[in-house]
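**Student:** Make a model of this:
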Amino acid sequence: MQTSEHKKVWLAIYTKPRAEKKVADRLEKNGFEVYCPTYTTIRQWSDRKKKVVIPAIPSYCFIKIEEHKRWDALKDPGAVRYIFWQGKPAVIKEPQILAFKRFMGEIGENEEIFSSPLSEGDKVLVRSGSFTGIEADILKIRKKEVQLILPELELKLVCQRKDIDKIG
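**Tutor:** Down below sits the predicted model:
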C-alpha cells in the first residue's frame, strides 16, 4: 500500500534497545501521533520490589505519519529505522492498531481463539475478542492453544483455541 503525500498511515519504527518509551515521548513532543504499547509488572531486586512499566514489544514503537514527514521521525537519536515489508515501509492498518490497543487494555485476560479443522500456515479471521476482524496466519497448533502471526505487525500471538474462522 503506497501512501499519498498528506494521508497519515501507521508505520513501525525499530528503536535502539531500551529506548522505546523515550523515542515515543520525544516524537510526541515533536507533534507526532505515537503508540508505544506498555504494561506494568513488578521487578524484584536484591533489596526491593518495584513496579515498572516496560514495552510490550521490545525495540518497537508505532507512528502515524504522512509520507513526506517520514524521515523527520528518524532524526530522533533513539530511532534506528522503519520496518519494511516487501521492499516498502510496513503500513499497519488502523483496525490492527486499535485491536492491539484493546488487547493491551485487557492484558490480564486470556484471548480465546479457535476453529476446526486448522493447519499450520492457514489464514484465519478472528471473529471475537480484542482482535475481531483481524487476519492472521497460523504458526503452530497445540492441544489447547494456537500461535498466530499478525504479518503486518510481525507479531506472534498465543491464544486459546476458540473463535477464529478459516479463510478460503
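
**Student:** contacts, neighbours, all on C-alpha from now
**Tutor:** Fine.

**Student:** for this structure, which spans come out with low pLDDT?
**Tutor:** Scanning the chain with the threshold set as pLDDT under 70 gives 1-5, 106-117, 127-130, 132, 144, 153, 160-168.

**Student:** What segments of it are strands?
**Tutor:** Remark: strands of the chain, listed N- to C-terminal, are 8-15, 33-35, 38-44, 49-55, 60-66, 79-82, 84-85, 88-89, 91-92, 123-126, 135-141, 145-150, 155-160, 164-166; assignment by DSSP state E.

**Student:** ok, longest helix in this protein?
**Tutor:** The helix of greatest length in the chain, counted in residues with DSSP state H as the criterion, is given as helix 94-105.

**Student:** in that helix, what's buried?
**Tutor:** Neighbour-count burial for helix 94-105, with 16 or more other Cα atoms under 10 Å as criterion, is recorded at Q96, I97, A99, F100, K101, F103, M104.

**Student:** tell me which of those is nearest to V124?
**Tutor:** The shortest approach to V124 among those belongs to Q96, at 14.4 Å (Cα to Cα).

**Student:** which ones are touching that closest one?
**Tutor:** With contact taken as Cα atoms under 8 Å, 6 or more residues apart in numbering, Q96 is in contact with F131, I134.

**Student:** Would you list the phi and psi of the residue lying farthest from the centre of the chain?
**Tutor:** Computed with Cα atoms, centre = their mean, the residue of the chain farthest from its C-alpha average is D47, at 34.2 Å. As for D47, its main-chain torsions (degrees, to the nearest 10) stand at phi -110, psi -10.

**Student:** about what we covered before: quick one: closest of the strands of the chain to A24.
**Tutor:** Using Cα to Cα and comparing the strands of the chain, the one that lies nearest A24 is strand 33-35, at 5.9 Å.

**Student:** can you list contacts of the closest one?
**Tutor:** Residues outside strand 33-35 that contact it (Cα under 8 Å, 6+ apart): A24, L27, E28, C61, F62, I63, K64, I65.

**Student:** Buried among these? Need that as a selection in PyMOL.
**Tutor:** The following PyMOL selection, which keeps only the buried ones among the contacts of strand 33-35, applies the criterion 16+ other Cα under 10 Å:
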select buried, resi 24+27+61+62+63+64+65
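
**Student:** want to throw the contacts of strand 33-35 into JSON lines with distance to K8?
**Tutor:** Converted to JSON lines, the contacts of strand 33-35 look like this (distance: Cα to Cα, whole Å):
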{"residue": "A24", "distance to K8": "17"}
{"residue": "L27", "distance to K8": "15"}
{"residue": "E28", "distance to K8": "15"}
{"residue": "C61", "distance to K8": "16"}
{"residue": "F62", "distance to K8": "12"}
{"residue": "I63", "distance to K8": "9"}
{"residue": "K64", "distance to K8": "6"}
{"residue": "I65", "distance to K8": "5"}
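
**Student:** Alright, calling it a day.
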